[in-house]
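1. have a look at this prediction, sequence included:
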Amino acid sequence: MHCQRYSDIRHLGRREWLARTSLGMGGVALSSLLGGGAEANAAGTAGMPGMPHFAPKAKGVIFLFMSGGMSQFESFDHKPELVARSRQPLPDSVFKGRKPLGMSKLQGTFPMIGSAFPFKQHGQSGAWFSDRFPFLVKQADRMCFLKGMVSEAVNHDPAMIFMNSGEQLPGRPSMGSWISYGLGSENENLPSFIVLVTKKVADQPLSTRLWDNGFLPSQHQGVPFRAGRDPVLFLSNPEGLPTSLHRKMLDRLREVQQDELARRGEAEIAARIEQCEMAFRMQASVPKVTSLESETAVTLERYGPDVHTPGSFAHNCVQARRLCENGVRFVQLYHPGWDHHGVLQKQYSANAKEVDQASAALLEDLHERGLLKDTLVVFGSEFGRTCYSQGHVNKDGEYGREHHRDAFTYWMAGAGVKPGFTYGGTDDFGFDVVEGKVAVNDLHATMLHLLGIDHERFTYRFQGRDFRLTDVAGHLVKPILA
C-alpha cells in the first residue's frame, strides 16, 4: 500500500513535480509557524514571528461578558437628574433630531426613569456604585471605568458579534482567536482561547459565532468548557482504550495528515494535526486545571456559595483564574440574562447578586497571587440601556429599559490600566457621551496594545485583502494607560 500511494509521484512531469514540491515546502514552513508537534517551544506554542511588537503589559485577558445589555444606570453611571425628573418626558432636544432606535420607535412618549437603587461613592477614587454591588465597591481603587463606550449595533446578535469581532456580520475571527493567532499559547497542553458560559435559563441564546475563528486557522477558535464531569465533549478515551493505543492511533493519523500536507500545503491540514495533538495533551491537562480540589476553603468561600455549583458564574470565575495561572491567553466568561425590558428591579438584583461577589473575588484573588499585574480583566456588555422607561412605569413602580448603543459603561482592571480611574462621561440624562468617547474598535486597539500588539500592523491576508481586528478604524485610548 505504501508503494501504491506514491506510485503516481514517480511519473510526474517536471512542472507538476516542481508545483507539488514547492507546496510541500510551503506546508512544512506553515506547520512550523503554526507551532505544531515538535515545533512547539518549551514555554508553549509560538505565535506569529515578530510578535509581540513591543514589551507587553499583559500576558493574558479575562473578559467578563454580561450578555443581554446590562444597564449602566443601575450599576456604575449615577444620574441624579433622572431620579429628580423620573416619569417626566425626555426633552425632544435630547434626541438632537435623531429617530429612536429599536423598539423605541413604537413608543409615543419617553418617560425618564431614575434608578430604583441608591448610589454612593467608594474608595479613594470616589467611584460611583449602586447598592447592588456591595462586594465590587471594595475593589473600586483597582478599577478603571470607561463611561463613554459607544457601539454601532442596537440588536443583540449583531451587537455581540461586533463587540467580539469588530464586525456586525458573522464570519470574522473573534478577538480571542486573533490573540491566540498572534501570540500563541504559554501552555502547549491547553488551548490559548477558552470560553466559559454560566449555566442558567436566559432568553438570549449564545451562539458559537461569538468565539469563532473565522478565516484564521481553526486551532484558534474558542474552546468551550462545559459544566460537569466532562468539560470538553468527546475528550476522554472510551472505556477499555489505553492511552498507549490512543497515542499509536494519533501517530498513524499524523503520518497520513503530514503526507497530505506535503502534497497539498493547505493550512487547514496543519490545523487538524495541531488540534489532534492538542486534544491528546488535554486529556491529562484538563481534569487537573478544572478540578477545584486543590483550592483552599478560604479561597472558595471568598467567591460565594455558588462556587460549589459547576457552571455558575462564581465557579467559572475560579476556573478563569486557574486557567490564567496555567498560561491560557484569553478566557471569556459569558453571563446571560441582562435583557431587562420589564420588571428590571427584581431581575437586575438577581443578576447583580450572581456576579458581584465572584467578580470582586476574582480581582482580589488575582492580586494576591501576583497575577493581576500582568492579567487584563474586562467587564462589559454588548450595549447599554435607555434613560427612559420602555413603555409606561406600572402601578408598582416597575419599569424596563430599551437597548441603547450611544452611551454605556465598561470597566477594566489589571495589567497596564490606571487603577481607581474614570475616563469619559455622559450628559445629565446618560443619553449621549460628552467626553472620552470609546468606540468598540478603540477598545480592541487598546486591549491589543496592552498585549504588546500594534493593531494597525496586526493583519491576516484573506481573499486578497489584509484584515485586522480593528478593521480600518480604532484608536489607542491613551489616557487610561498606566
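-> Now that the structure is in, tell me what you want to look at. Numbering: from 1, shown residues only.

2. where does the stretch 251-400 of the chain have low pLDDT?
-> 265, 279-280 (pLDDT under 70).

3. do a quick rundown of the helices in it.
-> 267-290, 297-302, 313-325, 344-368 (DSSP state H, counting those that start in this stretch).

4. who are the packing partners of the second one?
-> Using 3 or more Cβ pairs under 8 Å, 6 or more residues apart in numbering; DSSP states H and E, the elements in contact with helix 297-302 are helix 344-368. All C-beta spots, glycine's among them, are computed from the backbone N, C-alpha and C.

5. kindly report the same for the first one.
-> The contact analysis (3+ Cβ pairs under 8 Å, 6+ apart) places helix 267-290 against helix 14-34, helix 243-264, helix 313-325.

6. what does the shortest one contact?
-> By that I understand helix 313-325. 60, 62, 64, 190, 194, 196-198, 225, 227, 289-290, 292, 295, 299-300, 303-309, 331, 333, 335, 354-355, 357-359, 361-362, 365-366, 369, 371, 375 (Cβ atoms under 8 Å, 6 or more residues apart in numbering).

7. narrow those to those that are buried.
-> Buried subset of the contacts of helix 313-325 (neighbour count, 16 or more other Cβ atoms under 10 Å): 60, 62, 64, 190, 194, 196-198, 225, 227, 289-290, 295, 299-300, 303-304, 306-307, 331, 333, 335, 354-355, 357-359, 361-362, 365-366, 371, 375.

8. and residue 459, what does it touch?
-> Contacts of residue 459 by Cβ under 8 Å, 6+ apart are 466, 467, 468.

9. hmm, residue 383 is touching residue 407, no?
-> No. When contacts are counted by Cβ atoms under 8 Å, residue 383 is not listed as touching residue 407 (9.4 Å).

10. do you know the pLDDT at the closest residue to residue 104 other than its chain neighbours?
-> The shortest distance from residue 104 to any non-neighbouring residue, by Cβ to Cβ, 6 or more residues apart in numbering, is to residue 402 (5.0 Å). You'll see residue 402 listed with a pLDDT of 96.

11. partners of the helix or strand hosting residue 402, with directions?
-> Assigned by DSSP states H and E, residue 402 belongs to strand 401-404. Its sheet considered, strand 401-404 pairs with strand 384-389 (antiparallel) by DSSP bridges.

12. run the chain-centre distance for the strand it pairs with.
-> Centroid displacement of strand 384-389 relative to its chain, using Cα atoms, centre = their mean, to the nearest Å, is 25 Å.

13. where do the helices sit along the stretch 51-200 of the chain?
-> For the stretch 51-200 of the chain, the helices defined by DSSP H, counting those that start in this stretch cover 80-84, 156-165, 175-183.

14. related to what we said a few turns ago, which one of the helices of the stretch 251-400 of the chain is the most hemmed in?
-> Ranked by mean neighbour count, those are led by helix 313-325 with a mean of 24 (mean count of other Cβ atoms under 10 Å).

15. any idea how far that helix is from the chain center?
-> In terms of Cα atoms, centre = their mean, the centre of helix 313-325 is found 14 Å from the chain centre.

16. residue 433 bridge partners, please.
-> Applying DSSP bridges to residue 433 yields these beta-bridge partners: residue 426.

17. touching, it and residue 404? I think so.
-> No. With contact defined as Cβ under 8 Å, residue 433 and residue 404 do not form a contacting pair (11.3 Å).

18. more neighbours, those two?
-> The neighbour comparison of residue 433 against residue 404 (other Cβ atoms under 10 Å) goes to residue 404, with 25 against 20.

19. I'd guessed that one sits against residue 388; true?
-> No. Using Cβ under 8 Å as the test, residue 404 is too far from residue 388 to be in contact (9.4 Å).

20. before we move on, back to that, would you turn the helices of the stretch 51-200 of the chain into a markdown table with mean neighbour count, distance to residue 459 and mean pLDDT?
-> A markdown table is the format used below for those (neighbours: other Cβ atoms under 10 Å; distance: least, Cβ to Cβ, whole Å; pLDDT from 0 to 100):
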| stretch | mean neighbour count | distance to residue 459 | mean pLDDT |
| --- | --- | --- | --- |
| helix 80-84 | 15 | 44 | 96 |
| helix 156-165 | 22 | 15 | 97 |
| helix 175-183 | 27 | 10 | 97 |
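
21. now distance to residue 56 too, for those, in CSV please.
-> CSV is the format used below for the helices of the stretch 51-200 of the chain (distance: least, Cβ to Cβ, whole Å):
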stretch, distance to residue 56
helix 80-84, 40
helix 156-165, 21
helix 175-183, 8
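
22. which residues does residue 129 bridge with?
-> residue 120.

23. distance-wise, check it relative to residue 305.
-> Distance of residue 129 to residue 305, computed by Cβ to Cβ, to the nearest Å: 22 Å.

24. before we move on, what about residue 427?
-> On the measure of Cβ to Cβ, residue 427 and residue 305 end up 40 Å apart.

25. try residue 374
-> Counting by Cβ to Cβ, the gap from residue 374 to residue 305 is 30 Å.

26. what of residue 369?
-> In terms of Cβ to Cβ, residue 369 sits 22 Å off from residue 305.

27. and for residue 429?
-> Taken as Cβ to Cβ, the span from residue 429 to residue 305 is 38 Å.
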